[in-house]
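> structure for this input, please:
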Amino acid sequence: MSVLAGFAIVFIEGIASLYKRFHAINFGIYGAREVGKTTLNHQLRTRGEVPDIKKRTVGAHKVSRKFVKLDGSEHSIKSADIGGESQYWNLWKKDMRSRKVKYIIFLIDNRHLSNTANMQNQLAWQYLIDLICDDYWLDGRKRKKKKEHDFPKAIGLWANKYDLWKDEYEHYGDIKEHPIFEPFKFGMQRLQERGIPTYRYIVSAKSDPEMVYRGVLTMVDDY
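Model (predicted):
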């Protein structure tokens, strides 16, 4: 009996592993221009040395599959690289709606701390929050009520380029309370009211692939 039980466990684990490899979870990766969205997409696809990005992303690039594995946890995900200029924000909506995105990573950097007049991160975040929290999809004058699966399971608010700015700001205690997240708290409260949790995370997308993979797997496994 124990041999059969052991075989059954191995078989079930094998099926689960195959399911995770071939059933891709839809992620949306959004944020203002030059926060590192293209770099993050490269890191998820290649895991290692990411090239210097010379050209800004124009419009929306094709969705691609990535396999994320770390410390025994593994998942396949799909994401697209979409521009961060305001004229492309409507493509975030199109991406979310067409693929029924389950998890969103919203990337920020420290520009709002180094220059308080720079509101690019906050404006992009405000657009995303309004888009997610609205009960309807708006298309011109047309309104279509969202269904349950149109809302994401969780939002990752990721502060990128940590390797570049980590020594500029003193902070002790929980990383979730780092001052880099302060301007985004009202949006996080709105998401909480909608029943959508926010996962605050600090990452170096270009130089530390393990941080990237751990962040993605935490979102999927914990939320």
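
> after the helix or strand of the chain at the bottom of the mean pLDDT ranking comes which helix or strand?
Every helix and strand in the chain was compared by mean pLDDT, DSSP states H and E; the lowest is helix 2-22, with a mean of 46. As assigned by DSSP states H and E, the chain's next helix or strand after helix 2-22 is strand 24-31.

> elements contacting whatever helix or strand comes next after that following strand?
Heading C-terminal from strand 24-31, the first helix or strand you meet, by DSSP H and E, is helix 37-46. Contacts defined by 3 or more Cβ pairs under 8 Å, 6 or more residues apart in numbering; DSSP states H and E place helix 37-46 against strand 24-31, strand 64-70, strand 73-79, strand 103-108, helix 209-222. (C-beta placed from N, C-alpha, C; glycine too.)

> please redo it, this time with the cut-off set to 6 Å
Contacts defined by 3 or more Cβ pairs under 6 Å, 6 or more residues apart in numbering; DSSP states H and E place helix 37-46 against strand 24-31.

> quick one: strands adjacent to the strand it packs on?
Applying DSSP bridges, strand 24-31 is found paired with strand 73-79 (parallel), strand 103-108 (parallel).

> need those strands in JSON lines (columns: distance to G36 and mean neighbour count).
Listed next are the strands paired with strand 24-31 as JSON lines, based on distance: least, Cβ to Cβ, whole Å; neighbours: other Cβ atoms under 10 Å:
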{"stretch": "strand 73-79", "distance to G36": "13", "mean neighbour count": "19"}
{"stretch": "strand 103-108", "distance to G36": "6", "mean neighbour count": "25"}
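
> out of those, flag the one nearest K62.
Judged by Cβ to Cβ, the one of the strands paired with strand 24-31 that comes nearest to K62 is strand 73-79, at 10.4 Å.

> contact partners for R194?
When contacts are counted by Cβ atoms under 6 Å, 6 or more residues apart in numbering, R194 touches C133.

> what's the separation between it and I82?
According to Cβ to Cβ, to the nearest Å, R194 and I82 sit 23 Å apart.

> try L157
In terms of Cβ to Cβ, L157 sits 17 Å off from I82.

> got the contact list for whichever strand or helix holds I132?
Using DSSP H and E, I132 falls within helix 120-133. The contact list for helix 120-133 (Cβ under 6 Å, 6+ apart) reads 32, 89, 93, 106, 108, 112, 183-184, 187, 190, 194.
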